[in-house]
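**Q** How does the following fold in three dimensions:
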Amino acid sequence: MNNFLTSNSAAMRLARTIVQAVIGVLISYADVLIGQAAINPELRPMIVALVMAVLSPVMAILGEADGKKPEIPEPVKAEEIADEIPEGYEEPEEEPEEEEI
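**A** Here you go, the predicted structure:
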């Protein structure tokens, strides 16, 4: 569970987003599932977005509960990878600015 909450890999971020969306949809359709009060269908997308917005920081807090923060990689400087530029690569030419009419 900790890996799910703290991993910064693309697969885990996608999985967290999907889980948040599924929970949001379930909550927005709670009225249909329970069979009680009706929620305006135009409000359902806003409810899903609101639930996802609340769940995102909550999941981050739960992931930090054990005291470990996910590692965010340092940005790579161009000088560090300059020797990795493939042979024959040419910088793209700048397009001339369009003149106003």
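**Q** Give the buried residues for the helix or strand hosting Val32.
**A** Secondary structure assignment for Val32, by DSSP states H and E: helix 30-34. Buried positions in helix 30-34, judged by neighbour count with 16 or more other CB atoms under 10 Å: none. (Glycine included, C-beta is placed from N, CA and C.)
**Q** do stretch 10-28 as well
**A** For stretch 10-28, by 16+ other CB under 10 Å, it's Arg16, Gln20, Gly24, Ile27, Ser28.
**Q** mind listing the helices for the protein?
**A** 2-6, 10-28, 30-34, 44-64, 78-81 (DSSP state H).
**Q** tell me the mean pLDDT for the third one?
**A** Okay, so that is helix 30-34. On average, the pLDDT along helix 30-34 is 79.
**Q** low-confidence ranges in the chain?
**A** The chain contains residues with pLDDT under 70 at 1-2, 65-73, 78-86, 101.
**Q** mind giving me TSV with the buried residues of stretch 10-28 and columns for distance to Ile34?
**A** Output for the buried residues of stretch 10-28, formatted as TSV (distance: CB to CB, whole Å):
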residue	distance to Ile34
Arg16	27
Gln20	21
Gly24	16
Ile27	11
Ser28	12
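**Q** Out of the residues you listed, the closest to Ser7 would be?
**A** Arg16 (8.9 Å; CB to CB).
**Q** and the gap between that closest one and Glu100?
**A** Applying CB to CB, to the nearest Å, the value for Arg16 to Glu100 is 46 Å.
**Q** likewise Ala49?
**A** 39 Å.
**Q** Comparing those two, which shows the higher neighbour count?
**A** Legend: neighbour count by other CB atoms under 10 Å for Ala49 and Glu100, higher for Ala49 (13 against 4).
**Q** who's in contact with that one?
**A** Residues counted as contacts of Ala49 (CB atoms under 8 Å, 6 or more residues apart in numbering) are Gly24.
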